[in-house]
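**Student:** Quick check, what structure comes out for this input:
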Amino acid sequence: MTTTGKKIARALAWSAGGLAGLALVATAGFFGQLYIGPDESPPPDLATLDRTAPAARSAGPRNVVLILADDLGYGTLNVYGGKLSRTPHIDALAADGVRFTQAYATAPVCAPSRAGLMSGRYQQSFGFEYNPNVQFSELERRRQMPGAQVTVAEMVRPAGYRTGMVGKWHLGVQPESVPQAQGFEETFALLHGASSFITRPQPGDVTDKRFFIMSGGVDRDLTPIERNGETVQVDEYLTDRFTAEAQGFIIGHRAEPFLLYLAYTDPHGPMEAPAHYLSLFPNLTGDERTYAAKVAALDAGVGKVVETLKRQGLYENTTIIFASDNGCPDKFPWCEAGPVSNFKGTLFEGGVRVPLILRDPALPADQRGMVSDNVASLLDVMPTVARITGAIAPEGFQGADLAQVLEGRVDRALFWRAGRAAAVRDGDRKLVSYADAAPDAEKSVGHRPAAQAIRGMLGLDNRKREEAIGPVYSADPAAYPRTDFLFNLPADQGEKADLAAGAPDEAARLRALLDGWSRAQAMPAWGDGEDGGLITHNGKRLAAH
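**Tutor:** From the prediction side, this is the model:
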């Protein structure tokens, strides 16, 4: 689009003008869908690629496909007990591999978790403690994973691997931090944390007009999709397009060893889904139906990627790792967390325990379909990939090879920190430490796009609080009141039975372990847009950050 109603409306949205301007934004944003925007960048021609690409190899170094879902709750997949949606393809992957029941992300929110996955290090070690909020803003542009961090992609390239990245990046938009600067040779990426899934709705589709406005309308000019750094127009349902791009990468590089990082944005918001997925759930209504459709779209994409590997003769020479970046968002009550407690953004199990499936052709036959309750982490991806590819892992990586995890040969504690909240799991015991909330504290929603738009129109500086980095757990735990919870996992997956008062020596041991780790980390490189947020657990009001 050029100077259409959508562009004019957006100009109004970010200037002073009051609530009347917001109404104009909504109206123009709605009718903006009727305008004709830029031509779509066509998806890969899979049939032509299949005819023209060099012949596939079925032996030699194994390929690696890393698939990451976005905000997929621990209990959402059918194989993890989910009932709302249908996930036969991901379930089949688990049946042909290993399903971990006690696997963890390194953070309870998207971007820090991805930083830990990509680097194989606790992201706190380089200051990436919070999401790079606020999306679309100049502040976000200064928040990134340092270019000096060695990623999984950079690790495997010297071993002769072709590297590709499709989907959500969320680790920085500066030249030194974008995926093509972090080891990925071919990229089809959303650099930001979220975008519209549908720009040109068809009959029967469900869309979110509010997010349509905030992501930049038909052409997504505030949250663009980029191919190798160049903006492209995408009109298909975004999940389906990410799948097609992944298929194209696989076919195009079937003759050489490759690593593909496929980071879907489903089932993260906005709540949008096309009719062909919604039709799978005629007995559901409203947001439950849309969410079920989004999960089904994710599952269908995984199924197509697996089928492409099989058709190309690559499946038995490819390791697939599937996981989620964190747990269910609190604003998605229909998201299935299973037996775990609380939600995304918290350090309780519902925020950090995630599904993790490893499908490796080198697994012994007696491990196919295995369910492992050994404690795993997304930090383990890097050393696992290093072994599979023959690459040399960078110094300082902090994970363990999943093969060793499976064999029960890994003895370690896992740590988390998000500002004034921190946690440690050592064996079956987990200590969670939160700052107590002030009696009059209220949950802040100032980071949300709609709130930003309103304050922007009113001329308010709504970023001052975010720039101020508050006290972190390691700064001085005595400086603020806190509550420590002690749980026995996995016997108490819902974290309902607090053992801290009855086992003071064990609580003190874990607290000392956590303090020591936390003091060794860097200070956060930026503050958090949700400063002042609240959560509750077992009836206790806690400061989320």
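**Student:** make it CA atoms for all contacts and neighbour counts henceforth
**Tutor:** Noted.
**Student:** now the helices for the stretch 51-200 of the chain?
**Tutor:** 88-95, 110-119, 138-141, 152-156 (DSSP state H, counting those that start in this stretch).
**Student:** same check, this time on the stretch 201-350 of the chain
**Tutor:** Per DSSP H, counting those that start in this stretch, the stretch 201-350 of the chain carries helices over the ranges 209-215, 238-252, 275-278, 286-311, 349-352.
**Student:** before we move on, the earlier item: now render the helices of the stretch 51-200 of the chain as CSV, adding mean neighbour count.
**Tutor:** Formatted as CSV, those follow (neighbours: other C-alpha atoms under 10 Å):
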stretch, mean neighbour count
helix 88-95, 20
helix 110-119, 27
helix 138-141, 15
helix 152-156, 24
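**Student:** returning to that earlier point: mind telling me which of the helices of the stretch 201-350 of the chain the model trusts least?
**Tutor:** When the helices of the stretch 201-350 of the chain are compared on mean pLDDT, helix 209-215 scores lowest, with a mean of 87.
**Student:** chain center to it, what's the gap?
**Tutor:** On the basis of C-alpha atoms, centre = their mean, to the nearest Å, helix 209-215 sits 21 Å off its chain's mean C-alpha point.
**Student:** Then stretch 40-58?
**Tutor:** Its chain's C-alpha centre and that of stretch 40-58 lie 28 Å apart, by C-alpha atoms, centre = their mean.
**Student:** quick one on the thing from earlier: which of the helices of the stretch 201-350 of the chain sits most buried?
**Tutor:** Among the helices of the stretch 201-350 of the chain, helix 349-352 has the highest mean neighbour count (mean count of other C-alpha atoms under 10 Å), at a mean of 29.
**Student:** what's next to it, contact-wise?
**Tutor:** 73-74, 104-109, 326-328, 337, 340-346, 493-495 (C-alpha atoms under 8 Å, 6 or more residues apart in numbering).
**Student:** picking up where we left off before, could I get the helices of the stretch 51-200 of the chain as JSON lines with mean pLDDT?
**Tutor:** Converted to JSON lines, these look like this (pLDDT from 0 to 100):
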{"stretch": "helix 88-95", "mean pLDDT": "98"}
{"stretch": "helix 110-119", "mean pLDDT": "97"}
{"stretch": "helix 138-141", "mean pLDDT": "61"}
{"stretch": "helix 152-156", "mean pLDDT": "98"}
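**Student:** Next, format the ones you listed as a markdown table and append distance to residue 485.
**Tutor:** Putting those into a markdown table (distance: least, C-alpha to C-alpha, whole Å) gives the following:
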| stretch | distance to residue 485 |
| --- | --- |
| helix 88-95 | 33 |
| helix 110-119 | 23 |
| helix 138-141 | 34 |
| helix 152-156 | 35 |
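**Student:** Select, out of those, the one closest to residue 254.
**Tutor:** helix 152-156 (16.6 Å; C-alpha to C-alpha).
**Student:** what sits up against the closest one?
**Tutor:** The contact list for helix 152-156 (C-alpha under 8 Å, 6+ apart) reads 118-120, 163, 182-184, 259, 382, 385-386, 389, 391-394.
**Student:** quick one: low-confidence parts of this protein?
**Tutor:** Across the chain, the ranges flagged by pLDDT under 70 are 1-38, 133-141, 442-471, 474-477, 528-532, 545.
**Student:** on that earlier part again, would you mind putting the helices of the stretch 201-350 of the chain into a markdown table with distance to residue 399 alongside?
**Tutor:** Below are the helices of the stretch 201-350 of the chain laid out as a markdown table (distance: least, C-alpha to C-alpha, whole Å):
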| stretch | distance to residue 399 |
| --- | --- |
| helix 209-215 | 36 |
| helix 238-252 | 27 |
| helix 275-278 | 37 |
| helix 286-311 | 25 |
| helix 349-352 | 16 |
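**Student:** Which one, of the helices of the stretch 51-200 of the chain, ends up nearest to residue 317?
**Tutor:** Of those, nearest to residue 317 by C-alpha to C-alpha is helix 88-95, at 14.6 Å.
**Student:** gap between that closest one and the chain center?
**Tutor:** With C-alpha atoms, centre = their mean, you get 20 Å for helix 88-95.
**Student:** please begin residue numbering at 22 from this point
**Tutor:** New numbering, starting at 22: the last item is helix 109-116.
**Student:** That helix to helix 307-332, inter-axis angle?
**Tutor:** Inter-element angle recorded for helix 109-116 and helix 307-332: 60 degrees (by axes from the mean of the first three to the mean of the last three C-alpha atoms, to 10 degrees).
**Student:** now, the most widely separated pair of the contacts of helix 173-177?
**Tutor:** 203 and 410 (18.1 Å).
**Student:** how about the helices of the stretch 72-221 of the chain, which one is nearest residue 340?
**Tutor:** Minimum separation from residue 340 across the helices of the stretch 72-221 of the chain (C-alpha to C-alpha) falls at helix 109-116, 10.9 Å.
**Student:** Alpha carbons of that closest one, in PDB - could you do that?
**Tutor:** The C-alpha trace of helix 109-116 is given here as PDB (Å, rounded to 0.1, in the frame of the first residue of the first chain):
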ATOM      1  CA  PRO A 109      -1.400 -37.100  15.200                       C
ATOM      2  CA  HIS A 110       1.700 -36.200  13.300                       C
ATOM      3  CA  ILE A 111       3.700 -34.900  16.400                       C
ATOM      4  CA  ASP A 112       2.400 -37.900  18.300                       C
ATOM      5  CA  ALA A 113       3.800 -40.200  15.600                       C
ATOM      6  CA  LEU A 114       7.100 -38.500  15.900                       C
ATOM      7  CA  ALA A 115       7.100 -39.300  19.600                       C
ATOM      8  CA  ALA A 116       6.100 -42.900  18.900                       C
END
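**Student:** re earlier: return the subset of the contacts of helix 370-373 lying in strands.
**Tutor:** Cross-referencing the contacts of helix 370-373 against strands under DSSP state E gives residue 125.
**Student:** And for residue 293, the neighbour number?
**Tutor:** Residues near residue 293, counting by other C-alpha atoms under 10 Å, number 26.
**Student:** That one is in contact with residue 229, isn't it?
**Tutor:** Yes - Residue 293 is within contact range of residue 229, at 6.3 Å (criterion: C-alpha atoms under 8 Å).
**Student:** Would you mind listing the buried residues in the helix or strand harbouring residue 69?
**Tutor:** Following DSSP states H and E, one finds residue 69 within helix 67-73. Buried residues in helix 67-73, counted by 16 or more other C-alpha atoms under 10 Å: 67, 70-71.
**Student:** just checking, residue 291 touches residue 219?
**Tutor:** No - the pair residue 291 / residue 219 is not scored as a contact, 9.8 Å apart, by C-alpha under 8 Å.
**Student:** okay, these two: which has more neighbours?
**Tutor:** Set side by side, residue 291 and residue 219 show more neighbours around residue 219, with 24 against 20, by other C-alpha under 10 Å.
**Student:** any idea how far the more buried one is from residue 111?
**Tutor:** For residue 219, the distance to residue 111 (C-alpha to C-alpha, to the nearest Å) stands at 24 Å.
**Student:** ok, now which ones touch residue 142?
**Tutor:** 400, 417-420.
**Student:** can we see that at 6 Å?
**Tutor:** Contact analysis of residue 142 by C-alpha atoms under 6 Å, 6 or more residues apart in numbering lists 418-419.
**Student:** for residue 76, same thing?
**Tutor:** Contacts of residue 76 (C-alpha under 6 Å, 6+ apart): residue 276.
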